[in-house]
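Colleague: Using only what follows, build the 3D model:
(one chain, ligands or ions: 3)
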Amino acid sequence: MDHDEGSSNPSSNRTFVDVLTGYASRRQVMQGGLTLAAGTFFGSSLAMAAAGGKKGPNGPVGQDLKNGLINFTPVPIAEGTGPMPSISVDYQYEVLIPWGTHLENPDQDYLGDPGSRPTPTQQTRQVGIGHDGMWFFPFRGSNTRGLLAINHEFGDNFQVFGKSFPENGDDVLISQHAHGISVVEIRKQGGSWELVRGSEYNRRVHGNTPVTFSGPVANSELIAGDSVPMGTLNNCANGYTPWGTYLTCEENFNGYFNVAPGSSWTATAEQARYGFSGGGFGYGWGNFDERFDLGRADNSAFRNEENRFGWIVEVDPFNPDAAPVKRTALGRCKHEGIAIVEGRGGRIVGYMGDDERFDYIYKFVSAGNWKSMRAQGQSPLDHGTLYAAKFNDDGSGEWLELSPDNPALAGMSLEEILTYARIAADKAGATPMDRPEWTAVAPNGDVYCALTNNSRRTEADAANPLAPNADGHIIRWHDSEQHTGLSFTWDIFVIAQDTHGEGDERTFSDPDGIWIDPDGRIFIQTDGGQKKGLNNQMVVASTYDSGPDLDVRRLFAGVTGDEITGITVTPDRRTMFINTQHPGDGNPALSNFPAAPDGVTIPRDCTIVITRKDGGVIGS
Ligand code: FEO
Ligand code: CA
Ligand code: CA
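Modeller: Ligands and ions are numbered 1, 2, ... in the order given. Sure thing, here's the model as predicted:
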């Protein structure tokens, strides 16, 4: 969901825009950035072989490679509109697990009838709403059976309980239970994918599920209270670990807190930096649940409740009884997602975006080899160092350590640094970015981050190469020392507005979800106003190409009012799962998807299963 609230960052760190405009021209940005070391962590790719060894400044390049990677016929702009999805003629799709699908009993599915919405109890055993990041965990490498862990980021009040504002505790409970994540067993049966009802793995984690804390902040007074920690909220994008667990990222958690009638509240500096406001985002939970009332008494059992959100949460999909664990070493911010790679010495490295205008890109590096740490009973996500990114004008960059060892953070304890990572990064001098969304790692070790937009650029000098930057761009960098070093080089992969020309079918805006396959194809999903009447969409390009002439092909376009987000594949990459979030913006007048158009049925967020008609690799 595009919660474009403005900025909570009052620091004077140079914005990324300032850095970028330090260049004489955008071409220089593109050409002057990366000098790549051959840091290959996924092995050499098929794409490299296809390139016939041709090398450019950023690795293999060439038309042959481009054509070899992506051959499908794109969805024409004229077809990517209206209340139903569109897909390339070379592909097909089917719908899986819409919001309201009951984990056991099909008689208790919610099918979009505006007169009979889920009850709070039903919703605890139904797939949640706001489908977002997800990951497929195959059973023993299977391409037809496994677990899908999926985030439920957001639910519009009217869509969820039929009122624009909660009127009682049950309304709040339905909303809380529609958030969180689902873990579901799915299988391909008779050529089509289905939920395995009643599977022992089927699970809901929602806003009231008990959770635990781990890492340096776990026993801190900063998160202490007289209540059991509960819930995960605004679960946006995701990551996954080499040891087979799912990571769900808490983004706009501030929006669930508000000041109840009769309460009074003044924001602390820390609350202000995290965007808390008296009204929240209009969920109204604080009116009926003290936990979310910012004006609760200082000695309330929930006195630090807002510090219990904004974390990355680890869930073991294969162990439905294990409590989700909030991994505090990864810091607290509006976590969009996390891309995990194995760095030098087997250390775990996680790249993370904090999605707010003028907020930062972070990385975490585990203290040691992940296998050794686990063998000693330690989580690699509990012991390590957090950094924030500083982008220099000359195409170099630095990772700024966020720990008491950094003199710029004098006076902050490690617990404070992690709980208020934004404030620590302000002090350290990180570069404020244009809303960092998903991160992804290419086969050559480059790390990509989607910067969805920066409306401030509309007020900037029109002659500046990025002005206006209402449509976002994608940056990439290459870390030293196989992801574990303190320096990097960077350049711009693509600027979205470069694809908008008249007669140009490539158009896309507001890049958000990204994923790069082992061949080097990048899948870009959008969340924002597309140009030329298009719905939000997923396009595919090659990471062996870049710049204004990037060959961007539209694989899928969603429905009116939706956002395309979430991406995962089966091991053979012959099946891809993506999501449509808030189809029709929850309004049946705009879309009834996945129901056929009838003007009445409430649209439901759902997963879209994509296959190539010829059974080929997705994106090819
Ligand atoms: Fe949940 Fe920044 O998108
Ligand atoms: Ca977004
Ligand atoms: Ca997003």
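
Colleague: rest of the way, CA atoms for contacts and neighbours
Modeller: Fine.

Colleague: Would you mind listing what in this structure touches ligand 1?
Modeller: Proximity of the chain to ligand 1 is confined to 1-2, 236, 336, 355, 437 under the rule C-alpha under 6 Å from any ligand atom.

Colleague: now, among those, which is nearest to residue 283?
Modeller: residue 1 (14.2 Å; C-alpha to C-alpha).

Colleague: Give me the neighbour count for that closest one.
Modeller: Look at residue 1: counted by other C-alpha atoms under 10 Å, it has 20 neighbours.

Colleague: Tell me the strands beside the helix or strand harbouring residue 437, with direction?
Modeller: Using DSSP states H and E, residue 437 sits within strand 436-441. Using DSSP bridges, strand 436-441 pairs in its sheet with strand 447-451 (antiparallel).

Colleague: Helix or strand next in line after the partner strand, which one?
Modeller: Following strand 447-451 in sequence order, the next helix or strand is strand 473-479 (DSSP H and E).

Colleague: Would you mind getting the angle between that next one and strand 447-451?
Modeller: Counting by axes from the mean of the first three to the mean of the last three C-alpha atoms, to 10 degrees, strand 473-479 lies at 150 degrees to strand 447-451.

Colleague: any idea of the mean pLDDT for strand 473-479?
Modeller: The pLDDT scores in strand 473-479 average 95.

Colleague: And stretch 242-252, by the same measure?
Modeller: According to the model, stretch 242-252 has a mean pLDDT of 98.

Colleague: Stretch 298-318 too?
Modeller: If you average the pLDDT over stretch 298-318, you get 97.

Colleague: Buried residues, it. List them.
Modeller: 301-318 (16 or more other C-alpha atoms under 10 Å).

Colleague: Could you check the pLDDT of residue 230?
Modeller: 98.

Colleague: what's near enough to touch residue 274?
Modeller: Listed by C-alpha atoms under 8 Å, 6 or more residues apart in numbering, the contact set of residue 274 reads 8, 254, 333, 422.

Colleague: of all of the chain, which residue lies closest to ligand 1?
Modeller: Minimum separation of the chain from ligand 1 (C-alpha to the nearest ligand atom) falls at residue 236, amounting to 4.3 Å.

Colleague: thought that residue was touching residue 152?
Modeller: Yes: Residue 236 is in contact with residue 152 according to C-alpha atoms under 8 Å; the separation is 7.3 Å.

Colleague: mind checking how far residue 208 is from residue 70?
Modeller: 44 Å (C-alpha to C-alpha, to the nearest Å).

Colleague: Over to residue 600?
Modeller: Separation of residue 600 from residue 70 (C-alpha to C-alpha): 39 Å.

Colleague: With neighbour numbers in mind, choose between the two.
Modeller: Taking neighbours as other C-alpha under 10 Å, residue 600 and residue 70 compare with residue 70 leading, 19 against 16.

Colleague: Wait, that one touches residue 544, no?
Modeller: No: using C-alpha under 8 Å, residue 70 makes no contact with residue 544, being 11.7 Å away.

Colleague: now stretch 578-598: mean pLDDT?
Modeller: Across stretch 578-598, pLDDT averages out at 97.

Colleague: Pull out the buried residues from that stretch.
Modeller: For stretch 578-598, by 16+ other C-alpha under 10 Å, it's 578-595, 597.

Colleague: Between its first and last residues, what's the separation in it?
Modeller: 24 Å.

Colleague: if we look at that stretch, which residues are touching it?
Modeller: Contacts to stretch 578-598, defined as C-alpha under 8 Å, 6+ apart, come from residues 1, 82-84, 95, 98, 130-132, 155-156, 158-159, 558-568, 599-610.

Colleague: show me where pLDDT drops low in this structure?
Modeller: The chain contains residues with pLDDT under 70 at 4-6, 12-67, 457-467.

Colleague: Show the contacting residues for the residue most central in space within the chain.
Modeller: With distances taken as C-alpha atoms, centre = their mean, the residue of the chain nearest its centroid is residue 237 (2.6 Å). Residue 237 sits next to 132-134, 151, 248-249, 336-338, 438, 513, 566 when contact means C-alpha under 8 Å, 6+ apart.

Colleague: do that again at 7 Å, thanks
Modeller: Listed by C-alpha atoms under 7 Å, 6 or more residues apart in numbering, the contact partners of residue 237 are 132-133, 248-249, 336-337.

Colleague: now that we have those, which one has the most neighbours?
Modeller: The most crowded member of these, judged by other C-alpha under 10 Å, is residue 248 (37 neighbours).

Colleague: ok, that residue to residue 490 distance?
Modeller: According to C-alpha to C-alpha, residue 248 and residue 490 sit 27 Å apart.

Colleague: same check, this time on residue 387
Modeller: Relative to residue 490, residue 387 is positioned 17 Å away (C-alpha to C-alpha).

Colleague: beta partners of residue 557?
Modeller: Applying DSSP bridges, one finds that residue 557 bridges with residue 86, residue 537.

Colleague: Going forward, count from 855.
Modeller: Let's use 855 as the start, then, which means that last one is residue 1411.

Colleague: Go ahead and confirm it touches residue 942.
Modeller: No: the criterion here is C-alpha atoms under 7 Å, and residue 1411 misses it with residue 942 at 9.0 Å.

Colleague: Of these two, which one has the most company?
Modeller: residue 1411 (30 against 19).

Colleague: Now do stretch 1203-1220: distance to the chain's middle.
Modeller: Remark: stretch 1203-1220 is offset 11 Å from the chain centroid, using C-alpha atoms, centre = their mean, to the nearest Å.

Colleague: An error on my part: the question was meant for stretch 959-977.
Modeller: On C-alpha atoms, centre = their mean, the centre of stretch 959-977 falls 28 Å from that of its chain.

Colleague: contact partners of that stretch?
Modeller: 954-956, 1015, 1024, 1027-1028, 1031-1032, 1051, 1455-1458.

Colleague: So what's the residue count around residue 960?
Modeller: Neighbours of residue 960 under the rule other C-alpha under 10 Å: 10.

Colleague: next one: phi and psi at it?
Modeller: Dihedral pair for residue 960: phi -60, psi -20, per degrees, to the nearest 10.

Colleague: again with residue 1024
Modeller: Main-chain dihedrals, residue 1024, degrees, to the nearest 10: phi -70, psi -40.

Colleague: How about it, nearest residue that isn't a chain neighbour?
Modeller: Closest residue in space to residue 1024, ignoring its immediate chain neighbours: residue 974 at 6.4 Å, by C-alpha to C-alpha, 6 or more residues apart in numbering.

Colleague: Quick check: that neighbour vs residue 1379, distance?
Modeller: Note on residue 974: its distance to residue 1379, by C-alpha to C-alpha, is 32 Å.

Colleague: For these two, indicate the residue with more neighbours.
Modeller: Using other C-alpha under 10 Å, the more surrounded residue of residue 974 and residue 1379 is residue 1379, with 30 against 20.

Colleague: what residues are up against the more buried one?
Modeller: 1365-1368, 1391-1393, 1418-1419 are the contacts of residue 1379 under C-alpha under 7 Å, 6+ apart.

Colleague: quick revisit: give the burial count for the residue of the chain closest to ligand 1, as a bare number.
Modeller: Other residues lying near residue 1090 total 32 when counted by other C-alpha under 10 Å.
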